[in-house]
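Engineer: sequence first, then the predicted structure:
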Amino acid sequence: VSQFNLGNCYANGWGVAVDARKATYWFNRALRSGVQQAVGRLQRFGLPILNDEDLEEFAMTPEEVYARHLAAAEAGDAEEMDTVAILLLNGEGVKADPEAGLAWLERALQAGSPSAMVTKGN
C-alpha cells in the first residue's frame, strides 16, 4: 500500500514535486505487490503499465540503461545493437555520437535485426 501512496504523492504533487516518472514507477511497483487500484491510477494519469524488464530499467539512471544495453549488444544480441544505435543517435544515457550510432545500426542490420530495418527507415 505504501508504494501506491508514493505513486499518488508523485502523481498529485502531495508533499513533493509532481514527477510522472516516479509516479509510474511506484504505481507499477504497487501493482506488482497486488494493489489492483494502481491500474486505475496509471490509466487516470495516462501512465504506462510496465513489464518487469521495463520496470527494472525505470529505476535505473539513463547511463545504467545504456550500459546494460551495450553489454548485451557487445555479447551479440542484434536487437540490443539496434537499441544502442538509437541511444547513441539520440544521446540518451550517453553523449550523442552519430558516427558510433550508425556503426551500431549497421552491425544490427548485418546481424539480422528487424527493428534495425525500421530504425534505418526513420
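Structural biologist: Everything's here; your move.

Engineer: which stretches of the protein have low pLDDT?
Structural biologist: Applying pLDDT under 70 to the chain picks out residues 122.

Engineer: isn't residue 50 right up against residue 59?
Structural biologist: No - with contact defined as CB atoms under 8 Å, residue 50 does not reach residue 59; the gap is 10.4 Å. All C-beta spots, glycine's among them, are computed from the backbone N, C-alpha and C.

Engineer: neighbour count winner among those two?
Structural biologist: Counting neighbours by other CB atoms under 10 Å for residue 50 and for residue 59 shows that residue 50 has the greater number, 19 against 12.

Engineer: which ones are touching the residue lying closest to that one once chain neighbours are set aside?
Structural biologist: In this structure, residue 50 finds its nearest non-sequential neighbour in residue 28, 4.9 Å apart by CB to CB, 6 or more residues apart in numbering. Residue 28 makes contact with 38, 42, 49-50, 55, 58, according to CB atoms under 8 Å, 6 or more residues apart in numbering.

Engineer: distance check, residue 28 against residue 1.
Structural biologist: As judged by CB to CB, to the nearest Å, residue 28 and residue 1 stand 15 Å apart.

Engineer: next: residue 108.
Structural biologist: Going from residue 108 to residue 1 by CB to CB gives 43 Å.

Engineer: just residue 42 next, same as before
Structural biologist: Per CB to CB, residue 42 is found 16 Å from residue 1.

Engineer: out of these two, which sits in the more crowded spot?
Structural biologist: Between residue 42 and residue 1, counted using other CB under 10 Å, residue 42 has the larger neighbour count: 21 against 10.

Engineer: separation between the more buried one and residue 33?
Structural biologist: 14 Å.
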